[in-house]
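Student: got a predicted structure plus its sequence, pasted below:
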Amino acid sequence: MTQNESKKLKVIIVDDEELARQGLEMRLQNFDEVEVVANCANAKEALRAIVEHEPDLVFLDIQMPGKTGFEMIQEIQVDILPMIIFVTAYDSFAVDAFEIHAVDYLLKPVETERLIDAISKAVERKSQLSVMDEKDRLLNLVVSITGKSPLAIDELLDNQEESTEHADRLAIKDGSSITFVPIKDIDWIDAAGDYMCVHVAGVVHIMRTTMKELETKLDPSIFQRVHRSTIVNLQRVEKVSSHINGEFHLSLSCGSSLKMSRSYKEKVKHFF
């Protein structure tokens with residue numbers, strides 16, 4: 001790969017309308033800084049493509065069969081989360097899109113000047129923000145930031161004795177209510193700062209805690225970290241596929257696809 005190719009934005013287009021996908025892909029061919037690596041008709045295809053290609057940017061329709069664009073974002077593994085530009089025929093979602101810090105929000109039919117502006121914003125953001133920063137922005141505007149800082153929590157945990165007793169359920173607070181989630185029902189978990197996204201049967205529960213604290217509540221014979229910020233229920237893993245770069249893709253029974261980094265390969269291989 002040349003230096004110019006490495007600087008290009010790897011792009012995935014997600015839209016349930018085939019003509020819309022084809023039209024946008026043709027227009028993006030006029031941008032030297034963009035490389036379209038996949039186009040997808042629904043969230044399921046898109047989630048798999050994001051795991052495979054790790055794009056920098058996704059042009060995402062909002063209203064699609066199955067999962068909406070907003071629901072799809074919650075399913076993306078934190079370590080590979082791309083930037084998002086929404087492309088939709090409806091302006092009623094604009095406020096929601098900007099509240100989760102999408103790069104831009106384009107109305108169909110997309111005007112050329114707006115497309116140029118959106119791509120320029122994505123190029124600039126790529127140079128400024130890491131993937132982790134992007135997920136933090138999304139989550140911090142979905143939930144209110146309250147309680148102690150991550151540093152304060154870590155100091156508290158360091159001063160406590162480690163417990164070998166594992167919980168059988170998690171208490172997840174949402175405003176004035178508390179949801180009790182059986183740990184055995186958890187499919188996978190990913191983290192952003194002091195928030196954890198707990199994925200259970202297609203529902204995402206957002207929990208204010210740290211990876212370190214949550215790991216003490218999970219049985220390590222069942223739950224293992226497979227990426228920097230991702231924990232998976234090994235009993236949900238149906239297929240492990242090797243990737244050309246030495247990493248692995250995990251296919252879960254819930255339909256999710258996760259990436260396992262090389263650094264965690266030796267730690268978990270004896271479970272499969």
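Tutor: Happy to help now that I have it. Numbers count the residues shown, from 1 in each chain.
Student: model confidence for the most centrally placed residue in the chain, exactly?
Tutor: In the chain, the residue lying closest to the centroid (C-alpha atoms, centre = their mean) is Ile76, at 2.5 Å. We have a pLDDT of 89 for Ile76.
Student: contacting residues for it?
Tutor: Counting by C-beta atoms under 8 Å, 6 or more residues apart in numbering, Ile76 makes contact with Leu47, Ile50, Pro82. Bear in mind the C-beta positions are built from the backbone N, C-alpha and C, glycine included.
Student: one more pass at 7 Å, please.
Tutor: Ile76 makes contacts with Leu47, Ile50, as judged by C-beta atoms under 7 Å, 6 or more residues apart in numbering.
Student: thought Val204 was touching Met196?
Tutor: No - assessed by C-beta atoms under 7 Å, Val204 is found out of contact with Met196, at 10.2 Å.
Student: higher neighbour count, these two?
Tutor: Set Val204 next to Met196 and count neighbours by other C-beta atoms under 10 Å: Met196 wins out with 24 against 14.
Student: which residue is the nearest non-sequential neighbour of the more buried one?
Tutor: In space, and not counting its chain neighbours, Met196 is closest to Met207: 4.6 Å by C-beta to C-beta, 6 or more residues apart in numbering.
Student: backbone phi and psi for the closest residue to Lys184 other than its chain neighbours, please?
Tutor: Take Lys184 and drop its neighbours on the chain: the residue closest to it by C-beta to C-beta, 6+ apart is Asp168, 7.6 Å away. Main-chain dihedrals, Asp168, degrees, to the nearest 10: phi -100, psi -10.
Student: which stretches of the chain have low pLDDT?
Tutor: 1-6, 93-101, 129-165, 244-246, 265-272 (pLDDT under 70).
Student: repeat the analysis, applying 50 as the threshold.
Tutor: Scanning the chain for pLDDT under 50 picks out the ranges 1, 3, 140-163.
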